[in-house]
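A.B. asks: turn this into a structure:
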Amino acid sequence: MSEIIHGIDRRPLTTGKSLFDYADDVSVAVPQSCGRSGRCRECVVEVRQGGDQLSARTEAEEYLPDDFRLACQAEIESAEGDVEFAIIRRRMHILEEAGEPITEVDPVVSINEHAVHYDGVALDLRREHVLGLAVDVGTTTVVFRLIDLSDGHVVSGGAFENPQRFGGSDVMSRIGYERQHPGTLRKALRRALNAGLKEIYAELGIDRHEVYEAMVVANSTMRDLFFDIDVKPIGEMPYKSLTELAVLRGEAESTWVTKRAYELGIFIHPQARVVGAPLIASHVGGDVAADLVATDFGSAPGSSLLIDIGTNTEIVATDGERIVAASSPAGPAFEGGMLRFGMAGADGAIEAVHISDDEFVFQVIGGYEPEGICGSGLVDIIAELRRVEWMSPEGRFADGRDDYTIAPSRGITFSRADASQLAQAKASNASGQRILLRALGLNAQDVDHVYLAGGFANAIDIENAIDIGFLAQVQPENVERVGNAALRGAAMLLLSRRRREALSDIIGRIEHMELETEPDFFELFVDGCLFHPIPTAA
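C.D. replies: This next block holds a predicted model:
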């Protein structure tokens, strides 16, 4: 009998039923706010198998690529064969921000016995709560925190898979999609964020008018999409935001962005300011700027290296005086993109793997049945295959085989094609680290402080990452996992006027490097594709 499949749930196919109906059958929540009429465009699902068995696309779905449909519009038309689909806006495993509670509280929003002020100007009558919103918009994941501006404590928060995935898994794809469908990606993210906020408001009895400022950190493309700024220049030489170009022309003093909430449709006080953290340069964006704040980068004596691993990996290095930064276009492979069983760090993701007695032993986020493999699990698989010599440094599998079965009961495999995708993503990271350290005359083993941030920073095995050439050969004891440093930095900026000024100062000192312009970049990239430790000398 043909089946409809979502995760581990299977149901017999019935013609005329929509994918939304099947989601109801297995108690999977699908976002929607239009009564399933197709008007809200929120119920986007990814059709992984059997797309030709569904009804023809409706006018409401014309903006979606081939593998994506609206659950309320896609109906079973043929019961011959299986159909598999997945909800895009999955709840993500929240990566907590590291560090002590934030004690420096001097926000731009202030209160007296009668009113709430923004930068000294009255904004509203005093209410029960005075809150702010910190948001980290990643290419794959969006995380937010609602924060009390009077004392800095976190009131609530959430995380979800970035619903813009239908526009592509990397920033260049989304830039191209935005040119064809202006505003669609921004609206998708706005709806998802507002849905998350409304849930919290309802649960805690909070009035949206009590949220007076939002601090948004993101890479350059995600930030400009959020603020409805044309992203076309970021996708073309010299790969810079309109805000950065304005600074270079002397038309603006900084790349900070500020709009009112009603202009962006964010569900907070309509007159609240929504602030976008400044960019460092080119694709090194506001999320890395927030990392600098969270780690107090450069304040500790000696040399430091910050690596924020994501779809684009950003690297910042200092020898104690000079500061250099670069972006490595790693692509989405280590965040689950472009791999048959890859997935982001959500419930059901295999996050740790070990080979014991010729079998794969794994750990799954949330304790669920495995649905796929996230970044930390992929690093472990590669390291384990190399350790037991089931894979060569070039990515060839033993005995000429094409794949290994990781979870037999679920049919989850790791293939040579997967290894090839990861090799290219890893090579980009490795090249960036080597070039920046070389520019400062630093040997990786002598770096005093290494800050590791990003989506799987808390789960990645450091020694495995070094063994396969994902991380430079730094001293493992010098590595500090800083969790979601971008989100913590966003909260610190939200709560401190001084930190905003200090961030602007340090950005002015950073030298941006274009990796591809290095004469030996290609040779470094090719070497980085090998699954072996990164050479300590360039």
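A.B. asks: can I take it that A326 is in a helix?
C.D. replies: No. In this structure, A326 is strand, not part of a helix, as judged by DSSP: H, G, I helix; E, B strand; the rest coil.
A.B. asks: who's in contact with the nearest residue to it once chain neighbours are set aside?
C.D. replies: Closest residue to A326 apart from its sequence neighbours, by Cβ to Cβ, 6 or more residues apart in numbering: M513 at 4.5 Å. For glycine as for every other residue, the C-beta is placed from the backbone atoms N, C-alpha and C. Going by Cβ atoms under 8 Å, 6 or more residues apart in numbering, M513 touches V324, A325, A326, I435, L436, A439.
A.B. asks: neighbours of F144, how many?
C.D. replies: Using other Cβ atoms under 10 Å, F144 has 23 other residues around it.
A.B. asks: helix, strand, or coil at it?
C.D. replies: Quick answer, by three-state DSSP: F144 is strand.
A.B. asks: picking that back up, tell me how far the residue nearest to A326 lies from F531.
C.D. replies: 26 Å (Cβ to Cβ, to the nearest Å).
A.B. asks: which residues sit against stretch 477-488?
C.D. replies: So stretch 477-488 is in contact with 95-99, 102, 134, 136, 138, 143-145, 217, 287-288, 290-291, 294-295, 308, 447-453, 457-458, 462, going by Cβ under 8 Å, 6+ apart.
A.B. asks: average pLDDT across that stretch?
C.D. replies: For stretch 477-488, mean pLDDT is 93.
A.B. asks: hey, C-alpha coordinates of that stretch in CSV?
C.D. replies: Listed next in CSV are the C-alpha coordinates belonging to stretch 477-488 (Å, rounded to 0.1, in the frame of the first residue of the first chain):
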residue,chain,number,x,y,z
GLU,A,477,42.5,23.5,26.2
ASN,A,478,42.6,27.0,24.8
VAL,A,479,39.2,26.6,23.1
GLU,A,480,36.2,28.2,24.7
ARG,A,481,32.7,27.3,23.5
VAL,A,482,30.7,30.5,23.5
GLY,A,483,27.4,29.0,22.5
ASN,A,484,25.1,31.4,20.7
ALA,A,485,27.5,34.3,21.1
ALA,A,486,25.5,36.3,18.5
LEU,A,487,22.3,36.1,20.5
ARG,A,488,24.1,37.0,23.8
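A.B. asks: now find how far off-centre it is within its chain.
C.D. replies: 15 Å (Cα atoms, centre = their mean, to the nearest Å).
A.B. asks: what's the distance between the nearest residue to T15 once chain neighbours are set aside and F20?
C.D. replies: The spatial neighbour of T15 that comes closest, neighbours along the chain excluded (Cβ to Cβ, 6+ apart), is I76 at 5.1 Å. As judged by Cβ to Cβ, I76 and F20 stand 12 Å apart.
A.B. asks: check Y239 too.
C.D. replies: 40 Å.
A.B. asks: in PyMOL, select just the buried ones from the contacts of stretch 477-488.
C.D. replies: Selection of the buried residues among the contacts of stretch 477-488 in PyMOL, burial being defined by 16 or more other Cβ atoms under 10 Å:
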select buried, resi 95+97+98+99+102+134+136+138+143+144+145+217+287+288+290+291+294+295+308+447+448+449+450+451+452+453+457+458+462
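A.B. asks: among the contacts of stretch 477-488, which lie within helices?
C.D. replies: Mapping the contacts of stretch 477-488 onto helices (DSSP state H) picks out D287, V288, A290, D291, A294, T295, I462.
A.B. asks: identify, from those, the entry nearest to V211.
C.D. replies: A290 (19.3 Å; Cβ to Cβ).
A.B. asks: which residues touch that closest one?
C.D. replies: D136, V217, A277, A485, A486, L487, R488, G489, A490, M492, L493.
A.B. asks: hmm, try it at 7 Å
C.D. replies: V217, A277, A485, A486, G489, A490, L493 (Cβ atoms under 7 Å, 6 or more residues apart in numbering).
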